[in-house]
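Colleague: take a look and give me a structure for this.
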Amino acid sequence: MFAIKLENISKDFDDPNGKRVLALKDVSMEISPGEFFVIAGPSGSGKSTLLRIMSGLEKKYTGEVMVHQDHSRISFVFQQFALLPWLTVFKNVELGLVAQGIPKAKRKEKVMKELSEFGLADFADSYPRELSGGMRQRVGVARALVNDPKIVFMDEPFSELDSFTAQGLRKDLLELWRARHPTIVMVTHVVEDAVELADRIAVFTPQPGTIKKIVQNNLPRPRDTRSSDFYRLEDELYELIKP
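Modeller: Coordinates of the predicted model:
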């Protein structure tokens, strides 16, 4: 059984000069339920475009995207937080629950539980401008998870954060993934993140992006990021990604 299946996905567009550019070419793969799947590759290889296609945010492409009917509830974590600045932390996280028509008392219970998981309960009434970048991204992840999604798409979720903040958020994310077992599909250009988090890593070629190799990550969890096996897998990925 698959959570997501792609068959021959291709995508082109016109650049600012009117030139036709092929961004993705014949991408086919399957992602299993509960898998932590990472897409890695050089900048401009179409990774984020593919993520948007899989999530339904991008509609213009050729090929076929299949999402299993049992995994149709999805969420998206954006690179640059994407919080509404006029809403409090609580209201930002609550948005999806309001759209689902969930009663107010139940919404409050779910939102506060999620904020507590991310150490944000004391900031429920704060506004995004009052938070650090790391806290804003935690709000973004909490907003994505409060709906109990079956699939979570994450587009470079740590790229705007300093290394210490990113390390803490990766740890929290892994703990929640192990507890709830959603399928996570994450795009990154940071090899260390891919090795620490992924069950499998799809390495993309430069534009037009296509799959160069899917690497199985069999390192035991929790992963020792300073072990020789970790470094060996990092080296393998660097060799695959470099031009």
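Colleague: only C-alpha atoms from now on, for both contacts and neighbour counts.
Modeller: Will do.
Colleague: give me the buried positions along the longest helix along the chain.
Modeller: In terms of residue count, the longest helix belonging to the chain (DSSP state H) is helix 163-180. Going by neighbour count (16 or more other CA atoms under 10 Å), the buried part of helix 163-180 is 165, 166, 169, 170, 173, 174, 177.
Colleague: and the residue nearest in space to the middle of the chain, how close does it get to residue 106?
Modeller: Relative to the mean C-alpha position of the chain, the nearest C-alpha, by CA atoms, centre = their mean, is the one of residue 154, at 1.4 Å. Remark: distance between residue 154 and residue 106 (CA to CA, to the nearest Å) = 26 Å.
Colleague: so residue 95, which of the three states?
Modeller: Residue 95 falls in the helix class when you classify it by DSSP: H, G, I helix; E, B strand; the rest coil.
Colleague: same question, residue 9
Modeller: Three-state secondary structure (criterion: three-state DSSP) places residue 9 in strand.
Colleague: how about residue 5?
Modeller: strand.
Colleague: what about residue 162, how many residues nearby?
Modeller: The tally of other residues near residue 162 (other CA atoms under 10 Å) stands at 11.
Colleague: show the pLDDT at it.
Modeller: According to the per-residue confidence, residue 162 scores 83 in pLDDT.
Colleague: and the strands in this structure?
Modeller: Under the criterion DSSP state E, strands of the chain are mapped to 4-14, 20-31, 36-40, 62-67, 74-77, 151-155, 183-188, 200-204, 211-216.
Colleague: quick check: which of those is nearest to residue 232?
Modeller: Residue 232 lies closest to strand 211-216 among those, at 12.7 Å (CA to CA).
Colleague: buried stuff in that closest one?
Modeller: By neighbour count with 16+ other CA under 10 Å, strand 211-216 contains the buried residues 211, 214, 215.
Colleague: residue contacts, the spatially closest residue to the first one that is not a sequence neighbour?
Modeller: Pointing back at residue 211 there. When the adjacent residues along the chain are set aside, residue 211 lies closest to residue 204, with 4.7 Å between them (CA to CA, 6 or more residues apart in numbering). Shown here is residue 204, whose contacts under the criterion CA atoms under 8 Å, 6 or more residues apart in numbering are 39, 40, 41, 42, 45, 47, 210, 211, 212, 213, 241.
Colleague: measure residue 204 to residue 239 for me?
Modeller: As defined by CA to CA, residue 204 lies at a distance of 12 Å from residue 239.
Colleague: on that earlier part again, let me have the strands of the chain in a markdown table, extended by mean pLDDT and distance to residue 96.
Modeller: What follows is the strands of the chain, written out as a markdown table (pLDDT from 0 to 100; distance: least, CA to CA, whole Å):
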| stretch | mean pLDDT | distance to residue 96 |
| --- | --- | --- |
| strand 4-14 | 94 | 22 |
| strand 20-31 | 94 | 25 |
| strand 36-40 | 97 | 23 |
| strand 62-67 | 96 | 20 |
| strand 74-77 | 91 | 9 |
| strand 151-155 | 95 | 14 |
| strand 183-188 | 96 | 19 |
| strand 200-204 | 97 | 30 |
| strand 211-216 | 96 | 33 |
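Colleague: dump those to CSV, plus distance to residue 141.
Modeller: Output for the strands of the chain, formatted as CSV (distance: least, CA to CA, whole Å):
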stretch, distance to residue 141
strand 4-14, 21
strand 20-31, 21
strand 36-40, 15
strand 62-67, 22
strand 74-77, 6
strand 151-155, 9
strand 183-188, 12
strand 200-204, 21
strand 211-216, 26
